[in-house]
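Student: Here is a sequence with its predicted model. Questions after.
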Amino acid sequence: MALFKKRTVGKPGEWYYCLTHKKVEEGPECPAKDRFGPYASREEANHAMEIARERNLQWENDPRWHDAAGEGEGGGEGKPA
């Protein structure tokens, strides 16, 4: 058993959004796997889920990632034939 709990390291003024607790925190309080960030401000971190939604939409609609089926030119790596 560990005697000391390893703290996540962050800089003052860095803001994160914790996915587990659904709250904004200054400096990482939760593990990296459970947070988005760093963000430059509390307000930006407060909109982390909206930012992620917008980025997901951009990715889903990006034609470079959605080649037409049967056009075997690049981009199809890792997809079943």
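Tutor: Sure thing, it's come through. Numbering: from 1, shown residues only.

Student: where do the helices sit along the chain?
Tutor: Assignment of helices within the chain using DSSP state H yields the ranges 42-46, 48-60.

Student: low-scoring stretches of this protein, by residue?
Tutor: Counting by pLDDT under 70, the chain shows low-confidence ranges at 1-10, 66-81.

Student: Do you have the strands of it handy? List them.
Tutor: For the chain, the strands defined by DSSP state E cover 15-18, 23-26, 35-39.

Student: Measure how buried residue 35 is and give me the count.
Tutor: Residue 35: 21 surrounding residues under other C-beta atoms under 10 Å. C-beta: built from backbone N, CA, C; applies to glycine.

Student: And residue 41, its phi and psi?
Tutor: phi -140, psi 160 (degrees, to the nearest 10).

Student: measure it to residue 47 for me?
Tutor: Counting by C-beta to C-beta, to the nearest Å, the gap between residue 41 and residue 47 amounts to 10 Å.

Student: Same question for residue 64.
Tutor: Residue 64 is 26 Å from residue 47, by C-beta to C-beta.

Student: Who has more neighbours out of these two?
Tutor: Between residue 64 and residue 47, residue 47 has the larger neighbour count (other C-beta under 10 Å), namely 15 against 8.

Student: Residue 55 versus that one, what's the distance?
Tutor: From residue 47 to residue 55 the distance is 12 Å (C-beta to C-beta).

Student: Same question for residue 13.
Tutor: 23 Å.

Student: next one: residue 20
Tutor: For residue 20, the distance to residue 55 - C-beta to C-beta - is 20 Å.

Student: what does residue 49 give?
Tutor: Going from residue 49 to residue 55 by C-beta to C-beta gives 11 Å.

Student: same question, residue 36
Tutor: Residue 36 sits 11 Å away from residue 55, taking C-beta to C-beta as the criterion.

Student: So between the two, which is more surrounded?
Tutor: Neighbour tally, residue 36 and residue 55, criterion other C-beta under 10 Å: the higher count belongs to residue 36, 16 against 10.

Student: Is the more buried one bridged to anything, and to what?
Tutor: Going by DSSP bridges, residue 36 is paired in beta bridges with residue 17.
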